[in-house]
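> heads up, no residue letters with this:
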Ligand code: BTN
């Protein structure tokens, strides 16, 4: 069960780093959630920072037993998490919530949550994953971040962080059950149904050059497969391209 144990910290460098430290010291069991009020070095994807005002948002890491997955189906973990956060946010705010490849959660084209998964391997065998989630809850001003939003921004309501955490943990639990049952077809169907710009022509950017592409699918390795204007299909890695929205 996710959240069977919750460790609350007022401030830490990064909840993902702190979890990694606890794993090394074998002081943590699967399902444990590490939650912080503030992070001095919150980590985002692609070596970016995750900035969040003190005490206003959910900053958590989950120690997850992902050993039933392998390198061929590992991206389904990412798809499953995005779907669970999406569903949880939609239930809370009652607005349409979409997923931007690979696993950003967006409402009205603004990012409300991000996920950073760090995996532990031994001899090419997956042991576990640290699932870091930043969900913007009560922060309303995002001075240094473009295109960010929060639950409060969207509804003008204040939220209790513990209640939001409970809802998120139960949504993740349901998603992980599907994952453990290897319901990959269903996860894929759902992920693509909420995927921003799926089957639409959009502008992408690679090496500062814009090009048109139609998002055909996100494959099991997490690569985005685009149809190009010349009719060719090409897959792109997470670090390679940006979607200009
Ligand atoms: C992204 O760039 O979209 C991923 C952001 C992930 C941020 C969360 S906040 C809690 C956890 N600890 C970190 O250092 N990062 C993740």
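Thanks, I have it. In this text, all values refer to a predicted model and were calculated from it rather than measured experimentally.

> strand partners of the least confident helix or strand in the chain by mean pLDDT, parallel vs antiparallel please.
Every helix and strand of the chain was ranked by mean pLDDT, DSSP states H and E. The lowest is strand 242-243, at a mean of 78. Strand pairing for strand 242-243, using DSSP bridges, gives strand 201-206 (antiparallel).

> and the residue in the chain that the ligand sits nearest to, how many residues sit next to it?
Closest residue of the chain to the ligand, CB to the nearest ligand atom: residue 114 (2.2 Å). Backbone N, C-alpha and C define where each C-beta goes, glycine included. Neighbour count for residue 114, taken as other CB atoms under 10 Å: 21.

> centre of the chain versus the host helix or strand of it, how much separation?
Per DSSP states H and E: residue 114 is located in strand 110-122. Chain-centre distance of strand 110-122: 5 Å, with CA atoms, centre = their mean, to the nearest Å.

> stretch 68-76 too?
Computed by CA atoms, centre = their mean, the chain-centroid distance of stretch 68-76 equals 16 Å.

> all strands for this protein, in order.
6-12, 33-39, 58-64, 98-100, 104-107, 110-122, 125-135, 201-206, 209-218, 224-228, 233-236, 242-243 (DSSP state E).

> if we can go back for a sec, please report how far the residue of the chain closest to the ligand lies from residue 230.
According to CB to CB, to the nearest Å, residue 114 stands 33 Å off from residue 230.

> next, count neighbours for the closest residue in space to residue 237 that isn't next to it in sequence.
Nearest non-adjacent residue to residue 237, counting by CB to CB, 6 or more residues apart in numbering: residue 223, 5.8 Å away. When neighbours are counted by other CB under 10 Å, residue 223 registers 18.

> with the one 3 residues further on instead?
Applying other CB under 10 Å, we find 21 residues neighbouring residue 226.

> would you check that it makes contact with residue 216?
Yes: using CB atoms under 8 Å, residue 226 makes contact with residue 216 at a distance of 6.6 Å.

> intersection of neighbour lists for these two?
Listed as contacting both residue 226 and residue 216 by CB atoms under 8 Å, 6 or more residues apart in numbering are residue 233.

> what's the pLDDT at residue 241?
Confidence at residue 241, expressed as pLDDT, is 85.

> tell me which residues touch it, please.
By CB under 8 Å, 6+ apart, the neighbours of residue 241 are 204, 205, 206, 224.

> if we can go back for a sec, got phi/psi on the residue nearest to residue 237?
Torsion angles at residue 223 (phi, psi; degrees, to the nearest 10) stand at phi -80, psi 140.

> ok so, going back, farthest pair in the contacts of residue 241?
205 and 224 (12.8 Å; CB to CB).

> more neighbours: which of those two?
Higher neighbour count among residue 205 and residue 224: residue 224, with 22 against 13, using other CB under 10 Å.

> measure the more buried one to residue 203 for me?
The value you get for residue 224 to residue 203, if CB to CB is used, is 14 Å.

> residue 50 now?
In terms of CB to CB, residue 50 sits 26 Å off from residue 203.

> more crowded one of these two?
The residue with more neighbours, out of residue 50 and residue 203, is residue 50; 20 against 13, by other CB under 10 Å.

> sounds good, over and out.
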